[in-house]
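Participant: below are the sequence and a predicted model; questions follow.
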Amino acid sequence: GPELTVLAGVVLGAAEAGTAVVLDGFAVSVAALAAVLLEPGAQAGLVAGQRSRERGHDLVLQALGLEPLLDLRLRAGEGAGAALAAGLLLDGLRVRRTTARVH
């Protein structure tokens, strides 16, 4: 439907801006796949936040070549998995930034 078109446009716009997109469930992953089929370079900015319980989601993630950060099997549809995964990514960046480095 039209919502998938909008989501695909968001993925394409984020790719053009060099911004990462954290995918949540089946619908947004399908939209991301459509965006990647239109512009293969958009794949580089995609992060699979979670694997949902929705049928076919795993197949779409495989087609995108993505392994999800979380395997929560949520089916809430409100982006809960992406929100949790984004927090995980931000925490990881904070740890990397504040950890002593050896040269």
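Facilitator: Structure's in. What do you need?
Participant: now do the longest helix seen in the chain, average pLDDT.
Facilitator: The helix that spans the most residues within the chain, counting by DSSP state H, is helix 80-98. Average pLDDT, helix 80-98: 80.
Participant: give me the buried positions along the helix or strand where A27 lies.
Facilitator: Here A27 sits within helix 26-38, counting by DSSP states H and E. Neighbour-count burial for helix 26-38 flags 26-36 (criterion: 16 or more other CB atoms under 10 Å). Where C-beta positions appear, they are placed from N, C-alpha and C, glycine not excepted.
Participant: same check on stretch 84-93?
Facilitator: 84-86.
Participant: contacts only, for A32.
Facilitator: 7-8, 11, 21, 23, 42, 46, 64 (CB atoms under 8 Å, 6 or more residues apart in numbering).
Participant: how near is the closest residue to it other than its chain neighbours to L90?
Facilitator: Spatial nearest neighbour of A32, excluding adjacent residues (CB to CB, 6 or more residues apart in numbering): V11 at 4.9 Å. V11 sits at a distance of 20 Å from L90 (criterion: CB to CB, to the nearest Å).
Participant: what's the answer for V36, then?
Facilitator: 24 Å.
Participant: separation between the most centrally placed residue in the chain and G56?
Facilitator: Against the mean C-alpha coordinate of the chain, by CA atoms, centre = their mean, the closest residue is L23 at 2.5 Å. Separation of L23 from G56 (CB to CB): 14 Å.
Participant: next: A42.
Facilitator: Relative to G56, and taking CB to CB, A42 is found at 20 Å.
Participant: neighbour count for the two, which is higher?
Facilitator: A42 (23 against 11; other CB atoms under 10 Å).
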